[in-house]
Structure formats: C-alpha cells, structure tokens
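From the sequence below, what's the structure:
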Amino acid sequence: MAQYCVMSEFSRAKLLREPAEPNRLAAAIKLAGKSQREVAEALEINEPHLSNICNGRVENITLPTLRKFADYFGCYIEDLFPERAA
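This is a model prediction of the structure:
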C-alpha cells in the first residue's frame, strides 16, 4: 500500500510557480522532501522510468500512472503535467 505525501497548500502554490517544461514532477518530489527512489517504491514503479518521466523522455504516460502521481502528491494531474490538461 502506497504512503501518500500530501503537499500543503503552500507547497502546491510553490509547485504551480515552477516551470512546466518538461513537467513539474521533479519539483513536486523535491517540495515533498522525497527522493525519486522513495517515490518509485511508494508507487511501485521502476526508478529509471520515473527518472525518464521527470526528464520529459516519456511521452505516453498512462492515465492510471498520472493519477498515481497526483494522488501521491495530493494535487491535480494538471498541476504536475500542465501540457496534458488540453
């Protein structure tokens, strides 16, 4: 069972000020005080795959994976991946 790391409203506001290219996932990890390894383990995904997502090297991220990230950080998918909001 994943442990969720809900960001405070202050952290979410800081997240929304971060550049959105390629996405805000790395910023969310940093703001939550977590490592990529911790997030990958909590969400049961491969750490190199998480790194590739953070660096914009994965274009086709499934909706269930996007939801995992948003649920974990306590925010909206659009907060982490603004380009997917369209």
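
Tell me the helices and strands packed up against the lowest-mean-pLDDT helix or strand in the chain.
Averaged element by element with mean pLDDT, DSSP states H and E, the chain has its least confident helix or strand at helix 9-16 (a mean of 87). Counting contacts by 3 or more Cβ pairs under 8 Å, 6 or more residues apart in numbering; DSSP states H and E, the secondary-structure elements packed against helix 9-16 are helix 25-31, helix 77-80. (C-beta placed from N, C-alpha, C; glycine too.)

Okay, buried residues for the longest one please.
Buried residues in helix 25-31, counted by 16 or more other Cβ atoms under 10 Å: 25, 26, 27, 28, 29, 31.

can you check stretch 75-85 too?
Burial within stretch 75-85, assessed by neighbour count using 16+ other Cβ under 10 Å, is assigned to 75, 77, 78, 79, 80, 81, 82.

Nearest to residue 35 among the residues you listed?
Of all these, the one sitting nearest residue 35 is residue 80; the distance, using Cβ to Cβ, is 17.1 Å.

isn't that closest one right next to residue 25, touching?
Yes - with contacts defined as Cβ atoms under 8 Å, residue 80 counts as touching residue 25 at a distance of 5.4 Å.

got any residues that touch both of those two?
Counting by Cβ atoms under 8 Å, 6 or more residues apart in numbering, the residues touching both residue 80 and residue 25 are residue 69.

Give me the nearest residue to the residue positioned nearest the centre of the chain, chain neighbours excluded.
If you average the C-alpha coordinates of the chain and look for the closest C-alpha using Cα atoms, centre = their mean, you land on residue 25, 3.5 Å from that point. Counting by Cβ to Cβ, 6 or more residues apart in numbering, residue 54 is the residue found nearest to residue 25 once chain neighbours are left out, at 4.9 Å.

Kindly report the same for residue 21.
On the basis of Cβ to Cβ, 6+ apart, the spatially nearest residue to residue 21 that is not a chain neighbour turns out to be residue 56, at 7.3 Å.

what's the distance between the one you found and residue 65?
Taking Cβ to Cβ, to the nearest Å as the criterion, residue 56 is separated from residue 65 by 15 Å.
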